Structure formats: structure tokens, C-alpha cells
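In: Could you work out the structure for the sequence below:
(chains A and B)
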Amino acid sequence: MKRFLIPLGLFLVLAVFLGIGLSRDPREVPSPLLGKAAPAFSLPTLGDSGRGDGPAFGPETMRGRVWVLNVWASWCASCRDEHPVLLGLAESGVVPIVGLDYKDQPAQAQGWLERHGNPYVLSALDADGRVGIDYGVYGVPETYVIDKAGIIRFKQIGAVTPEVLKTRMLPLIQELQR
Amino acid sequence: MTRLPVRLPATLMALLVAVLLQLALPPRATANEARPLAEDPAVEARLLRIAEEVRCLVCQNESLAASQADLAKDLRREIRAQIRQGKTDAQIMDFLVDRYGDFVRYRPPFNATTLLLWLGPFLALAVGLAALMRFLRRRQAAAPAPLTEDEQRRAAALLDGTD
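Out: Here you go, the predicted structure:
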């Protein structure tokens, strides 16, 4: 009897480990940027004209405020999934959302925002993706919560779901705003 | 009529020369694709050596050197630029790890989070050896007692078939 228990035990341990492995998303790589200062940049913004000639934006202008940086693009399919969530968040006025329009054309980005609504206080244009590299972006959309001191506190890889917003982002934002 | 055979080859010749000239010139449509692989072979060799050590985050089972993902192309361009700026391989690797984490390295560093990864195999080996030792020792202890003289005689008789 005992000799059968040992392989059974080994099998169960292996099954549990593999089960845990299955339930985890390999795309969610923990960002080394958490707890570090949001990398500085200065980028043109999407002006009202849609030509991408708005005033330059850098993260230091948000110093003293908790804010959300959302990396998006008009070519990004999952961005449409999270868009209603962002629009809701913007409407609630809890926190300003800054867009980082990643490797996109200003005209197309402007058209996309006109079609689907604009939750952003402004959208910085990262045309060549250079700022995206500094922020460790590897899959759009990605969303960062940045505190008053300019430290990255949270990163969501992939679309922000209502659950993520409710259970993780909003409690954190409220805590940081205190 | 008699001059025609002489003139026809001449026009043919002109045509042939024209066609050959067309072929000799690089076709404009493919001029972009046929760019030389490496503008600076030394830079490309270093780029390749670094990129082969780095995982592409978009298609995680491919190296940065092999991946055709847009991000991989951007990162190769970035590494190339940094090589030209005179950065060392270690500096470039730090640049990548600072942004994407230890996960991008195919050779993870030895630290608190990778302790089990590095020492796990040795731990498993030690556990296996201990289990083997215990098994062998127990088998030795449980070995049957040697035959008595009487039993030996009987066994010999059985083997000889002269019982």
C-alpha cells in the first residue's frame, strides 16, 4: 500500500504545481519600474487640430498630483475593450488620465478619440516608441498609477477591466491621494 | 529584301542590349529590400551577441535577435545606437533589465528570487541521493541470514539431484 502512496504523492505535488502554472498569465511580467520614478520625457501632444502640434508634455508637470498614465494606440484592439472603463474613470473625476499614444499617427489617433470618446486630459505622442521603451512597454494597452512624488505605484499590462479598476487601482489611488 | 537579314540582327542586337541594360540596373521597386545586411559588421556582431542573450517580451520563446516583433526591431535599433555611443555590453544589458526586469535575461542572475531556480536542481539531487542511500541501507539490513550447515547440505543435494 505504502509503495503506491509515494508516486501518488509525487503526482499530486506535480499536478498542483502545473495547475498553478496554468492559472498564471505568462504575459504579466512584474515590472522593475514599480517603486521607481516615472522616467522623464518631453513629447508633443495631440492638439485639437489632430495634427499632433499641441504643447509639449512631461511627467514633471503632474508633480503633486496622483495621476494615471495610459498607453494606447488607434491600432490597438484591446484598447477599445478598456476604453469604456477609462471613460467612466474620467467621468468620475477621481484622477486625471494622461494618454501616451504609442507608435501612432496623430490624424488616426484624433479620429479614434472622436469616434470612441476622449477620457484623456491630454495625449502625448510617442511616435517612434522611444518613451515606451523607457517605460518598459511591451504590449499596448498598459496603464500606470503614478503618485504625487512621481513614483510608479502600479502597472497594469493589458486592458484595465472593471474588476482591476475597482479592486486594485481605485483603492490605491484613494490611498495615494490622502 | 536581301538587306533584311542583315538589318534584322542589328535591331535585335539593339533590343538585346537594351534588355540587358535594364537587367543590369538595380530594379527600383526592390531597392529597399536589398539593403546590405550589416552597415557595420562589428556593430552587428555585438548587437547579435547581446540580442541572443535577451528574451523578446512580445513572443516570449524567441530571443531578441530572432524576433520579428515591432518591439524587438525597436530594441535592436536602440541597442545598435547604444553600441555606436560606445556603451559596454554590461551597460546595455543593464538598460534592458532596468526596463523589463530580470525576466528578459536568458541567464538569470543569482539573487534572492532566483535562489530556488539555481539551487533547486542540486537540492533535488541531494534528496535523491539521500533516498537512494536509505533504500540501499535498508535492503542490506533486511538481507536474509546465511544458510545453516544443514540447509546448505540440503541445497547442494537438491542441486545435484541426488536426494
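In: show me where pLDDT drops low in chain A?
Out: Applying pLDDT under 70 to chain A flags residues A:50.
In: Does chain B have contacts with the longest helix seen in it?
Out: Under DSSP state H, the helix in chain A containing the largest number of residues is helix A:2-23. No. Using Cβ under 8 Å from any Cβ of the partner chain, helix A:2-23 never reaches chain B; the gap is at least 9.7 Å. Placement of C-beta: from N, CA and C, glycine included.
In: Restricting to C-alpha, output that helix in PDB.
Out: Provided in PDB are the C-alpha atoms of helix A:2-23 (Å, rounded to 0.1, in the frame of the first residue of the first chain):
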ATOM      1  CA  LYS A   2       2.700   2.400   1.000                       C
ATOM      2  CA  ARG A   3       4.700   1.900  -2.200                       C
ATOM      3  CA  PHE A   4       1.700   3.300  -4.100                       C
ATOM      4  CA  LEU A   5       1.300   6.300  -1.900                       C
ATOM      5  CA  ILE A   6       4.800   7.700  -2.800                       C
ATOM      6  CA  PRO A   7       4.200   8.000  -6.500                       C
ATOM      7  CA  LEU A   8       0.700   9.200  -5.900                       C
ATOM      8  CA  GLY A   9       2.000  11.900  -3.600                       C
ATOM      9  CA  LEU A  10       4.600  13.000  -6.100                       C
ATOM     10  CA  PHE A  11       2.000  13.100  -8.800                       C
ATOM     11  CA  LEU A  12      -0.300  15.300  -6.700                       C
ATOM     12  CA  VAL A  13       2.500  17.700  -5.900                       C
ATOM     13  CA  LEU A  14       3.400  17.900  -9.600                       C
ATOM     14  CA  ALA A  15      -0.300  18.400 -10.600                       C
ATOM     15  CA  VAL A  16      -0.700  21.200  -8.100                       C
ATOM     16  CA  PHE A  17       2.400  23.000  -9.400                       C
ATOM     17  CA  LEU A  18       1.300  22.600 -13.000                       C
ATOM     18  CA  GLY A  19      -2.200  23.700 -12.100                       C
ATOM     19  CA  ILE A  20      -0.700  26.900 -10.600                       C
ATOM     20  CA  GLY A  21       1.300  27.300 -13.700                       C
ATOM     21  CA  LEU A  22      -1.800  27.100 -15.900                       C
ATOM     22  CA  SER A  23      -3.600  29.700 -13.900                       C
END
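In: quick one: B:L71 from A:V137, how far?
Out: To A:V137, B:L71 is 8 Å away according to Cβ to Cβ, to the nearest Å.
In: And for A:G158?
Out: According to Cβ to Cβ, A:G158 and A:V137 sit 12 Å apart.
In: Please enumerate the helices of chain B.
Out: B:4-24, B:41-51, B:70-84, B:89-100, B:115-141, B:149-160.
In: For chain A, which segments count as helices?
Out: All helices of chain A, identified by DSSP H, fall at A:2-23, A:77-92, A:106-116, A:130-134, A:162-164, A:170-177.
In: Could you list the buried residues of the shortest one?
Out: The neighbour-count check on helix A:162-164 (16 or more other Cβ atoms under 10 Å in any protein chain shown) flags A:V164 as buried.
In: what does the fourth one give?
Out: Across helix A:130-134, burial judged by 16+ other Cβ under 10 Å covers A:131-134.
In: if we can go back for a sec, please produce CSV containing the helices of chain B, extended by mean neighbour count and mean pLDDT.
Out: Output for the helices of chain B, formatted as CSV (neighbours: other Cβ atoms under 10 Å in any protein chain shown; pLDDT from 0 to 100):
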stretch, mean neighbour count, mean pLDDT
helix B:4-24, 9, 68
helix B:41-51, 15, 90
helix B:70-84, 18, 92
helix B:89-100, 17, 93
helix B:115-141, 10, 93
helix B:149-160, 10, 89
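In: Next, format the ones you listed as JSON lines and append distance to A:A40.
Out: Formatted as JSON lines, the helices of chain B follow (distance: least, Cβ to Cβ, whole Å):
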{"stretch": "helix B:4-24", "distance to A:A40": "53"}
{"stretch": "helix B:41-51", "distance to A:A40": "25"}
{"stretch": "helix B:70-84", "distance to A:A40": "17"}
{"stretch": "helix B:89-100", "distance to A:A40": "14"}
{"stretch": "helix B:115-141", "distance to A:A40": "34"}
{"stretch": "helix B:149-160", "distance to A:A40": "91"}
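In: tell me the contacts of the spatially most central residue of chain A?
Out: Per Cα atoms, centre = their mean, the C-alpha nearest to the average position across chain A is that of A:T143, at 1.1 Å. A:T143 makes contacts with A:68-71, A:82, A:155-156, A:160, A:169, as judged by Cβ atoms under 8 Å, 6 or more residues apart in numbering or on different chains.
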